[in-house]
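Colleague: Next comes the sequence, and after it the predicted model I'd like to discuss.
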Amino acid sequence: MSQVQTDNAHPSLQVACRRLSRHLEGLLDVMGRPRAVVDVQLVDDAAIHALNQQWRGVDAVTDVLSFALEDDADAPQVPAHMLPIELLGDIIISLDTAARQAAEMRRFLRDRGESSRYSMWQETCFLATHGLLHLLGYDHQGATDAVEMEALEARFMATVTTAPIHELDRTDHGQ
């Protein structure tokens, strides 16, 4: 079975770390990566801002960062089922941004006259799912890739929320 370790380094906000780990472990199993290992860090805006600046050269807060351990396209490819473990990488999520985006989703739903139940945990779960798909090689830069990735996110989030997760504009990730 895959192993996901979730650590909360946020000074005040909390989410159900074990529940988040189980969600991602289930996705890894469904995606045929039963020996995968992923670390998830839940941080504040200051920490993710520093990482975004250091590793991407972007001087801004973001909601989620993914750091794949194996990005070498020339490395020999061993089928995942033959590896004793498969170290995929790290996912870093800003709980400050997740809380803001959850509040934005609640406002969005309320404005549409729908149930405005959407929690920070649900948004964190979405961000973790998004980050995991990046570790698995999915991207959303091109239109075709974005459709494929969004379809997987919708499928994997269906048990977590019925909110229209892709209708919320998360482009500014903002403060």
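Modeller: Sure thing, it's come through. Treat the numbers as computed from the prediction; the structure is a model and nothing was measured.

Colleague: Show me where this protein has its strands.
Modeller: 3-8, 36-43, 64-68, 86-94 (DSSP state E).

Colleague: Rebuild the ones you listed as TSV, extending it with mean pLDDT, distance to Arg170 and mean neighbour count.
Modeller: Where C-beta positions appear, they are placed from N, C-alpha and C, glycine not excepted. Converted to TSV, these look like this (pLDDT from 0 to 100; distance: least, C-beta to C-beta, whole Å; neighbours: other C-beta atoms under 10 Å):
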stretch	mean pLDDT	distance to Arg170	mean neighbour count
strand 3-8	96	21	17
strand 36-43	96	17	22
strand 64-68	96	9	19
strand 86-94	95	12	23
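
Colleague: Can you add distance to Leu168 and give those strands back as a markdown table?
Modeller: Output for the strands of the chain, formatted as a markdown table (distance: least, C-beta to C-beta, whole Å):
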| stretch | distance to Leu168 |
| --- | --- |
| strand 3-8 | 23 |
| strand 36-43 | 20 |
| strand 64-68 | 14 |
| strand 86-94 | 16 |
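
Colleague: out of the ones you listed, which comes closest to Leu136?
Modeller: With respect to Leu136, and counting by C-beta to C-beta, the nearest of the strands of the chain is strand 86-94 at 7.2 Å.

Colleague: Sheet partners, orientation included, of the closest one?
Modeller: strand 36-43 (parallel), strand 64-68 (antiparallel) (DSSP bridges).

Colleague: any chance of these in a markdown table, plus distance to Gln5?
Modeller: Shown next, in a markdown table, are those (distance: least, C-beta to C-beta, whole Å):
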| stretch | distance to Gln5 |
| --- | --- |
| strand 36-43 | 5 |
| strand 64-68 | 14 |
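
Colleague: For Leu24, which of the ones you listed is the nearest?
Modeller: Judging these by C-beta to C-beta, what sits closest to Leu24 is strand 36-43, at 6.3 Å.

Colleague: I would like the residues contacting that closest one, please.
Modeller: Applying C-beta atoms under 8 Å, 6 or more residues apart in numbering, the set of residues contacting strand 36-43 from outside is 2-10, 13, 15, 17, 20-21, 24, 28, 80, 85-95, 124, 128, 131-132, 135.
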